[in-house]
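# Here you go, sequence then predicted model.
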Amino acid sequence: MALCLALILAPQAALRAEETGAAASDGPALAMPVEGELYIAGVYAGRIGPGHKLRRPPVVITLDRPGIATTLALTSNDPVIWEVSLTPGTPVPRVLLSQMAEGGDRSTVTVAGKPAVVQWRILPFSFTKEGEQFRYLVTRLPADFGFDRVADFQGSYEAPEEPFLFAGPGDDPRLKADYLAPLVQPEAVPEASRPLAFSREIPLPEVSFTQGRFFAKDSFRYTDANGATVTVPLSKDVPPVSWLVGAARDPETDRIYAVTYGGEGYLYIWDPRQKLWSALSMQGRDAIGFGFDSQSKTALVPLQQHFRRGGLQILRLDEQGEVLTAFTLPYDAFPGLTDVYDPENGQVPHLIVLGIAGGKAVLRTTSRRYQPGMRPWPGDGMTWRSYVFDIETGAVVLAAYENEGAKKRPE
């Protein structure tokens, strides 16, 4: 079945699909199983030469798949010269081309020395096997074009000295859209926290769960056991609230806890017996989540990390705000965490505390790419991860996850 015509690129001039017998489209093809294999190559740009001048040597790819119909997806940020060579008997019925930067028509493709008719797609680029853009590619492209999985991926920041060689399916589990499935442990989620851990209706990381609902006009407010709204004004002897990250009330003592982000940052505590507010400095540590466990009388505060430096930090505080434990966890302790941001060029995503029960905290991280205007490529759903964190030991398990176009949750 023919695909709808979109944009066809060639090195010297545009070729019409009807002139070559090929077809091109900017939309997905039939999402049904097909014969053949899907390979993806990705680079950022050509190559940086002396004096930081951008050169444009070709990115050379060798396809060695005799008798296997090969779909090749080529992704980059900057314009790239792609040169694809074939071993005898290797067919390439489809070439997908994507370039994120402006001037996409400056990328060129030749296959076996001849200008190629390509199918233009708006896709993210990736030059490593991690990050939200790589996860999109290995999840969305097979689904769009009817493949079970991506056969292999090769990438480099700039044009490599040696050709990319595709000679058969790779064995890296990250090539599969559902590579996290064997790691999911939904049974680890406490019963009281299950609606939080498995819910898709979670705000974006930058949206506080309590700003405006819990704090407004220099006062905190909550609903008591009788359904009445209780307002507790913030006293003048504590710093003004900058940006509220999270807040909680201990239903047994009516103590209020709140932590703010920005500047020095503070942990605010309201003591209803003394009718007194106190504020403890976070000493410039940027809190990006907050949760309180009324059973153990402890709070959990994940800290913002700027790129991948030193590991993820989570503070466990007592009811007076003193640090009981400062956890520093390696990033790979959180399975799939690198799928929701760009590890090469982006902040580590926020870990939001959704709730604590039975000594287990449910943490959620969501791709920042899903803010308005942050995702130029088409898609549906969202990429998120839910974790269960043991507040005593720091052990982490993956409870649930969803990738754009593919989700894994308990029935």
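Perfect, I can see it now.
# domain parsing for this protein?
Structural domains of the chain, as assigned by automatic domain parsing, span the residue ranges 17-175, 181-205+288-408, 229-287.
# can you redo these as TSV with distance to Phe220, mean pLDDT and mean neighbour count?
No exception for glycine: its C-beta is placed from N, CA and C like everyone else's. Listed next are the domains of the chain as TSV, based on distance: least, Cβ to Cβ, whole Å; pLDDT from 0 to 100; neighbours: other Cβ atoms under 10 Å:
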stretch	distance to Phe220	mean pLDDT	mean neighbour count
domain 17-175	35	82	18
domain 181-205+288-408	13	81	18
domain 229-287	5	89	17
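# May I see these arranged in JSON lines, with distance to Arg221 as well?
What follows is the domains of the chain, written out as JSON lines (distance: least, Cβ to Cβ, whole Å):
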{"stretch": "domain 17-175", "distance to Arg221": "37"}
{"stretch": "domain 181-205+288-408", "distance to Arg221": "17"}
{"stretch": "domain 229-287", "distance to Arg221": "5"}
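# quick one: which of those domains is nearest Lys217?
The minimum distance between Lys217 and these falls on domain 229-287, with 8.9 Å, by Cβ to Cβ.
# got the end-to-end distance for that closest one?
Domain 229-287 has an end-to-end distance of 27 Å (Cα to Cα, to the nearest Å).
# And stretch 251-271, by the same measure?
13 Å.
# and Leu137, helix, strand or coil?
Per DSSP: H, G, I helix; E, B strand; the rest coil, the secondary structure class of Leu137 is helix.
# which residues sit in contact with it?
When contacts are counted by Cβ atoms under 8 Å, 6 or more residues apart in numbering, Leu137 touches 40, 42, 73, 75, 123-124, 126, 150, 153.
# what packs against the helix or strand where Leu74 lies?
Following DSSP states H and E, the helix or strand that holds Leu74 is strand 70-76. Using 3 or more Cβ pairs under 8 Å, 6 or more residues apart in numbering; DSSP states H and E as the contact test, the elements touching strand 70-76 are strand 37-43, strand 59-63, strand 94-99, helix 132-145.
# can you rerun that using 10 Å?
Contacts of strand 70-76 with other secondary structure elements, assessed using 3 or more Cβ pairs under 10 Å, 6 or more residues apart in numbering; DSSP states H and E, are made with strand 37-43, strand 59-63, strand 81-86, strand 94-99, strand 108-111, helix 132-145, strand 152-156.
# For that strand, what is the distance to the chain centroid?
Offset of strand 70-76 from its chain centre (Cα atoms, centre = their mean, to the nearest Å): 22 Å.
# Of all the helices and strands packed on strand 70-76, which one is nearest Phe214?
Closest approach to Phe214 among these is made by helix 132-145 (30.5 Å; Cβ to Cβ).
# Alright, I will stop here.
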